[in-house]
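Peer 1: A predicted structure for the sequence below; I have some questions about it.
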Amino acid sequence: MPTPGKKDVPNPASDLPPKLPSTSEALQRAILLLGNRTKTELTDKSRYELVELLGSYPSAEQAAVIRWSETLAQKG
């Protein structure tokens, strides 16, 4: 429960997926898959690929609200 009078401070660690792709191509693929994830459930193949690239399968909220894709794009 938030403390009255204190603002929520963003947690930088929550802006990152558990692991980052190691190549530029993998990074771009992860960003594409995250964009698709914000709109719908991914197919089993794409879901597996995203887990391999990022270390977990984000909820639609994580993919959209936390904006993993934007964070990844800044890292690339």
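Peer 2: Alright, I've got the coordinates.
Peer 1: Enumerate every residue touching the residue nearest the centre of the chain.
Peer 2: Centroid check for the chain by CA atoms, centre = their mean gives residue 68 as the closest residue, at 3.1 Å. Residues in contact with residue 68 (CB atoms under 8 Å, 6 or more residues apart in numbering) are 15-17, 34, 54, 58, 62. (Glycine included, C-beta is placed from N, CA and C.)
Peer 1: rerun that using 6 Å as the cut-off
Peer 2: 17, 34 (CB atoms under 6 Å, 6 or more residues apart in numbering).
Peer 1: Can you give me the pLDDT of it?
Peer 2: On pLDDT, residue 68 comes in at 71.
Peer 1: which residue ranges form the strands in the protein?
Peer 2: Along the chain, counting by DSSP state E, no stretch forms strands.
Peer 1: Identify the residues contacting the top helix by length along it?
Peer 2: Taking DSSP state H as the criterion, the chain has its longest helix at helix 24-39. Contacts with helix 24-39, where a contact means CB under 6 Å, 6+ apart, come from 21, 46, 50, 53-54, 60, 63-64, 68-69, 72-73, 76.
Peer 1: possible to save those residues as JSON lines with distance to residue 29?
Peer 2: Output for the contacts of helix 24-39, formatted as JSON lines (distance: CB to CB, whole Å):
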{"residue": "21", "distance to residue 29": "7"}
{"residue": "46", "distance to residue 29": "10"}
{"residue": "50", "distance to residue 29": "9"}
{"residue": "53", "distance to residue 29": "7"}
{"residue": "54", "distance to residue 29": "10"}
{"residue": "60", "distance to residue 29": "19"}
{"residue": "63", "distance to residue 29": "14"}
{"residue": "64", "distance to residue 29": "18"}
{"residue": "68", "distance to residue 29": "13"}
{"residue": "69", "distance to residue 29": "11"}
{"residue": "72", "distance to residue 29": "10"}
{"residue": "73", "distance to residue 29": "12"}
{"residue": "76", "distance to residue 29": "11"}
